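> this one's sequence-less:
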């Protein structure tokens, strides 16, 4: 299912808001999520005659705690090992992968998938309906993958094997976005035998899938070595060739420093690098045939504002905070015009159902008026005060795993602007563990938190804005904004079988968040990739921008 809406194209420069005048929906969606420069829409530049063998050296940024899991960095790496039931094509349509076809019951409550016959996991066990059903039950009822679980909650009911090649997934309610959501790498299918008989640590370090590669060795802190699966038979419909991978191995290195990472490509030490520093992006486009800018769909990098404790319990103060810094200019300067500004705090501009609006553009005079209405007045050093307390804001962010050095520069620029307009903002760096359910996860621990969440669907609204109740807590609502009417609206959108009406409801939900200033937009989460001219056939998939190496090849001896 594709969106009936027409999102706007990325903003390449501050305040450039030109809409797309004419284009097909598929072309719009493809160009938004996969904006490739000098290398084709998916970055799959080809040329010459492929040779078998060789090692692709890939320089990534962050090392995950496990090869698979609920973090986007884990989806990237697990894609090399684990196949999914379905995949998303560049036009937003869902295409076959392990499932050759599927049927939806008239009431929308059951999806029955026909599986490829004869596929085996690399441990030799069959990838059959029993294995797929077991994986989905583990998504829901264990800690196998938390993002897979929250992506299908509360609509998932159960999975059952009808026979060896047919698996039925039953839902409590219709959920039209279900197919699009399970294209994500979080839904990679693992060997049920391995999950049942091996330890968590063993599966964490060397998950068993049916993919184009297997994990040969993980050298912690350095790299993961992947070995070609010569018996690979389960390529997706979006693959660029049929058959096992061309190359023998992938050397997936972890190179946190952006300067070193880019240098490794220019000197020939790497064949592909992730997250080209934006300061080098122009040079990369001039040097290399295949460069890819992928604008990640889902929840963009934005600020959650704590609505339960602290200064942001007052909507007027939240609105003033949004008005008091020129976020668009800071993003453009910090990322050298490469990363688009994103004013929508709920859904990124590459996501279907996107609401194109900038609810709180920079306006320091309006910010001052809002604070005055809220009872605040300028005090010592120009910082606002009320009832003897200063307008202090603790802003928690994740350096390294959420913010590059360039992203941190954006925050520092905003911090200075907020100070000039009366907010005393303290930047509080936090580790992943501290932010995700740790030190900075309760209403008394921060005033605002910067974060993002990737998803190919506007159903991400349910994950990040569903109210948190005693019986049904929602630890992903970092604004602690509990609005039962908003929850019901998103649920109606999720379960609406009328596509146009459902996407209209998603837009209504975004407007509620904007009107209440429960969040403040900043910029889109992006993937910037550059590929050596020696390597051909490399591309990134549509739903999350996962790098795909199974079609990549060299044309000379390596």
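It's in. Keep in mind that what you see is a predicted model, and the values were worked out from it rather than measured.
> What residues are bridge-paired with the residue nearest in space to the middle of the chain?
The structure's the chain has its C-alpha centroid closest to residue 454; by Cα atoms, centre = their mean the separation is 2.1 Å. Residues in a beta bridge with residue 454, per DSSP bridges, are residue 298.
> which ones are touching it?
If you count contacts by Cβ atoms under 8 Å, 6 or more residues apart in numbering, residue 454 has them with 72, 75, 184, 296, 297, 298, 299, 525, 544, 545. For every residue, glycine as well, the C-beta is placed using N, CA and C.
> Looking at the residues you listed, which are in helices?
72, 75 (DSSP state H).
> ok, of the contacts of residue 454, which come out buried?
Applying 16 or more other Cβ atoms under 10 Å to those, the neighbour count classes 72, 75, 184, 296, 297, 298, 299, 525, 544, 545 as buried.
> Quick check: the nearest residue to the first one once chain neighbours are set aside vs residue 215, distance?
If you skip the residues right next to it in sequence, residue 72 has residue 454 as its closest partner in space, 4.9 Å away by Cβ to Cβ, 6 or more residues apart in numbering. Distance, residue 454 to residue 215, using Cβ to Cβ, to the nearest Å: 23 Å.
> Likewise for residue 474?
34 Å.
> Compare the two and say which is more crowded by neighbours.
With neighbours defined as other Cβ atoms under 10 Å, residue 474 and residue 215 compare such that residue 215 has more, 21 against 18.
> so what's the more buried one closest to, chain neighbours aside?
Residue 215's closest residue in space is residue 206 (Cβ to Cβ, 6+ apart), at 4.5 Å.
> got a list of what the one you found touches?
Residue 206 neighbours (Cβ under 8 Å, 6+ apart): 67, 214, 215, 218.
> host element of the third one?
In this case it means residue 215. strand 213-219 (DSSP states H and E).
> Surely residue 551 is in contact with residue 535?
No: counting by Cβ atoms under 8 Å, residue 551 stays clear of residue 535, with 10.7 Å between them.
> gap between the residue nearest to residue 72 and residue 294?
11 Å.
> Also residue 304?
Counting by Cβ to Cβ, the separation of residue 304 from residue 294 is 24 Å.
> Kindly report the same for residue 508.
According to Cβ to Cβ, residue 508 stands 28 Å off from residue 294.
> And for residue 174?
Counting by Cβ to Cβ - residue 174 and residue 294 are separated by 30 Å.
> okay, the two: which has more neighbours?
residue 294 (26 against 17).
> just to revisit the earlier point, need the contacts of residue 454 in a markdown table (columns: distance to residue 91 and pLDDT).
Shown next, in a markdown table, are those (distance: Cβ to Cβ, whole Å; pLDDT from 0 to 100):
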| residue | distance to residue 91 | pLDDT |
| --- | --- | --- |
| 72 | 23 | 95 |
| 75 | 21 | 97 |
| 184 | 17 | 98 |
| 296 | 18 | 96 |
| 297 | 14 | 98 |
| 298 | 19 | 98 |
| 299 | 23 | 98 |
| 525 | 22 | 94 |
| 544 | 16 | 95 |
| 545 | 16 | 96 |
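> so which of the contacts of residue 454 comes closest to residue 489?
Nearest to residue 489 among the contacts of residue 454 is residue 299, at 17.0 Å by Cβ to Cβ.
> ok, now which ones touch the closest one?
Per Cβ under 8 Å, 6+ apart, neighbours of residue 299: 346, 347, 348, 451, 452, 453, 454, 455, 460, 463, 464.
> mind listing the strands for the stretch 201-350 of the chain?
213-219, 223-228, 249-254, 272-274, 290-295, 298-305 (DSSP state E, counting those that start in this stretch).
> Show me the shaky parts of this structure.
Scanning the chain for pLDDT under 70 picks out 1-46, 557-558.
> mind checking which helix or strand residue 418 is in?
Taking DSSP H and E as the definition, residue 418 sits inside helix 405-420.
> what comes up buried for the very next helix or strand once past that helix?
Per DSSP H and E, the first helix or strand lying C-terminal to helix 405-420 is strand 424-429. Of the residues in strand 424-429, 424, 425, 427, 428 count as buried by neighbour count, 16+ other Cβ under 10 Å.
> So which residues of the stretch 101-250 of the chain form helices?
Ranges of helices in the stretch 101-250 of the chain, per DSSP state H, counting those that start in this stretch, are 129-141, 146-152, 178-181, 192-197, 200-205.
> for the fourth one, which positions count as buried?
Okay, so that is helix 192-197. Neighbour counts over helix 192-197 (16+ other Cβ under 10 Å) mark 192, 193, 194, 195 as buried.
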